[in-house]
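S.K.: Next come a sequence and a model predicted from it.
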Amino acid sequence: MSILVTGGAGYIGSHVALELLSKNEEIVIIDNMQKGHKSAILGGKFYKGDIRDREFMDEVFSRNDISAVIHFAANSLVGESVTVPLKYYDNNVYGTQCLLEKMVEYGVKHIVFSSTAATYGEPERIPIQETDRTLPTNPYGDTKLAIERMLRWCDEAYGIKSVCLRYFNAAGAHKSGMIGEDHRPETHLVPIVMEAALGKREYVQIFGDDYDTPDGTCIRDYIHVSDLAKAHILALESLRAGNGSKVYNLGNGEGFSVKEVIECARKVTGREIKSVISPRRAGDPAVLVASSDRIRKELGWSPEEDDLETILSSAWEWHRKHPDGYPD
Ligand code: UFG
């Protein structure tokens, strides 16, 4: 029996794949390699292809005895999603529809889904709980929320049980130093700060310092990618134990401002990191911090690398060793 990991050559997918391998799980990775990296795949069977390609998916499902799916394959740039929303509905929503059709056809009943804090939009209160209003402010978040809804109806109709994990800000890299964060183009704060520390960027732009926060810059809940990965294993175990469909937030419950992240990175790297105050980025909520009480209580999840310095140190280790990112 194998676990199918879609988007397993991406940042979070590759960390979860490695975690599964360390638990001696058999895995099958699929990735269309539009954003994924070959060197981020460290084991398991790999098929290059797209979840929207029915023939390809038939080949994967018929050749492997798949017992569960962990689904990452998606486009995930908030800004881009505003410019080309249909690309997001096509790859994310329709792509997941195609995947679910194959799960129905082949009788696969368990799926762990990579969701996002962007499903909430502008939060009603902090920390955000799973029961809070979901009103996405960009197409990316809207596609992820649509998928969560699709999963609920697939449970009703076909008995497919799902765990939706709403990630806050994933950061850091695996302790082996073999995999890390490499998006092209890079838009995420932590890798951008690391690139500035390496001298590959002249400065970090701080998108707005006039928010209603203590230092005026946006506050986010940064969570180590390995802690995130461990939550996927717990989610899988929960489904295997026969538990029902669930939605969980995944964050550390502590927020750091953009300025605090840059300051901490200066300390961790010992490098000068220049910053420049720039205009606000459209669609950025001032504060996003998770309540992860539900997953802590119900699945016994507890983050191990939850302080910002540890998270940034692991990112620095990877960026220092891979100044140009992955070779492929
Ligand atoms: N930021 C900067 N300068 C940069 C990059 C980012 O100031 O060069 C700021 C952003 O404005 C934001 C914070 O740093 O306030 C974090 O930004 P990221 O782009 O790293 O992350 P986001 O919070 O925008 O996005 C993350 C995930 C998304 C997810 C979202 C949920 O990357 O996939 O959280 O809100 F949708």
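M.R.: Looks like it arrived, so ask away.
S.K.: count of residues packed around Leu151?
M.R.: Leu151: 22 surrounding residues under other Cβ atoms under 10 Å. All C-beta atoms are positioned from the backbone trio N, CA, C, and that covers glycine.
S.K.: partner residues bridging His287?
M.R.: Quick fix: residue 287 reads Val, not His. Here Val287 shows beta-bridge partners Ile219, assigned using DSSP bridges.
S.K.: what about the helices in the stretch 101-250 of the chain?
M.R.: Secondary structure of the stretch 101-250 of the chain by DSSP state H, counting those that start in this stretch: the helices cover 139-158, 189-197, 225-240.
S.K.: for the helix or strand encompassing Val16, the distance to its chain's centre please.
M.R.: Assigned by DSSP states H and E, Val16 falls within helix 11-22. Centre-to-centre, helix 11-22 and its host chain are 12 Å apart (Cα atoms, centre = their mean, to the nearest Å).
S.K.: for the helices of the stretch 101-250 of the chain, which one ends up most surrounded?
M.R.: Mean neighbour count (mean count of other Cβ atoms under 10 Å) peaks for helix 189-197 among the helices of the stretch 101-250 of the chain, with a mean of 23.
S.K.: quick one, the helix holding Val16 and helix 225-240 angle?
M.R.: 60 degrees (axes from the mean of the first three to the mean of the last three Cα atoms, to 10 degrees).
S.K.: and helix 11-22, what does it pack onto?
M.R.: In terms of contacts (3 or more Cβ pairs under 8 Å, 6 or more residues apart in numbering; DSSP states H and E), helix 11-22 is packed against strand 2-6, strand 26-31, strand 66-71, helix 225-240.
S.K.: Using CSV, write out every CA atom in the shortest one.
M.R.: As requested, C-alpha coordinates have been extracted for strand 2-6 and formatted as CSV (Å, rounded to 0.1, in the frame of the first residue of the first chain):
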residue,chain,number,x,y,z
SER,A,2,1.3,3.4,-1.0
ILE,A,3,0.6,7.0,-0.1
LEU,A,4,0.2,9.2,-3.1
VAL,A,5,1.9,12.6,-2.6
THR,A,6,0.8,15.1,-5.2
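S.K.: if we can go back for a sec, kindly present the helices of the stretch 101-250 of the chain as CSV, with separate columns for mean pLDDT and distance to Asp132.
M.R.: Below are the helices of the stretch 101-250 of the chain laid out as CSV (pLDDT from 0 to 100; distance: least, Cβ to Cβ, whole Å):
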stretch, mean pLDDT, distance to Asp132
helix 139-158, 98, 13
helix 189-197, 98, 24
helix 225-240, 98, 19
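S.K.: and those helices as CSV, adding distance to the ligand?
M.R.: Compiled in CSV, the helices of the stretch 101-250 of the chain are given as follows (distance: least, Cβ to the nearest ligand atom, whole Å):
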stretch, distance to the ligand
helix 139-158, 6
helix 189-197, 4
helix 225-240, 12
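S.K.: rewinding a little: what angle separates the helix holding Val16 from strand 66-71?
M.R.: Using the same axes, to 10 degrees: helix 11-22 against strand 66-71 is 150 degrees.
S.K.: What ranges does this protein have for its strands?
M.R.: Using DSSP state E, the strands assigned to the chain run over residues 2-6, 26-31, 45-48, 66-71, 110-116, 161-167, 169-171, 204-207, 219-220, 222-224, 246-250, 256-257, 275-278, 287-288.
S.K.: how big is the angle separating the helix holding Val16 from strand 110-116?
M.R.: Computed by the same axes, to 10 degrees, the angle separating helix 11-22 from strand 110-116 equals 150 degrees.
S.K.: Show me what counts as buried in helix 11-22.
M.R.: For helix 11-22, the buried set under the neighbour-count rule, 16 or more other Cβ atoms under 10 Å, comprises Tyr11, Ile12, Gly13, Ser14, His15, Val16, Ala17, Leu18, Glu19, Leu20.
S.K.: So which helix or strand of the chain has the lowest pLDDT on average?
M.R.: Lowest by mean pLDDT, DSSP states H and E among the helices and strands of the chain is helix 78-83, with a mean of 93.
S.K.: Can that helix be said to contact the ligand?
M.R.: Yes: under the criterion of Cβ under 6 Å from any ligand atom, the ligand is reached by helix 78-83 at Val78.
S.K.: Pull up the residues of the stretch 151-300 of the chain that are close to the ligand.
M.R.: So far as Cβ under 6 Å from any ligand atom goes, the stretch 151-300 of the chain lies against the ligand at 169, 187-189, 192, 204-207, 218, 220, 258, 281, 284, 288.
S.K.: Could you pick out the buried ones from those residues?
M.R.: Applying 16+ other Cβ under 10 Å to those flags 169, 188-189, 192, 204-207, 218, 220, 258, 284, 288 as buried.
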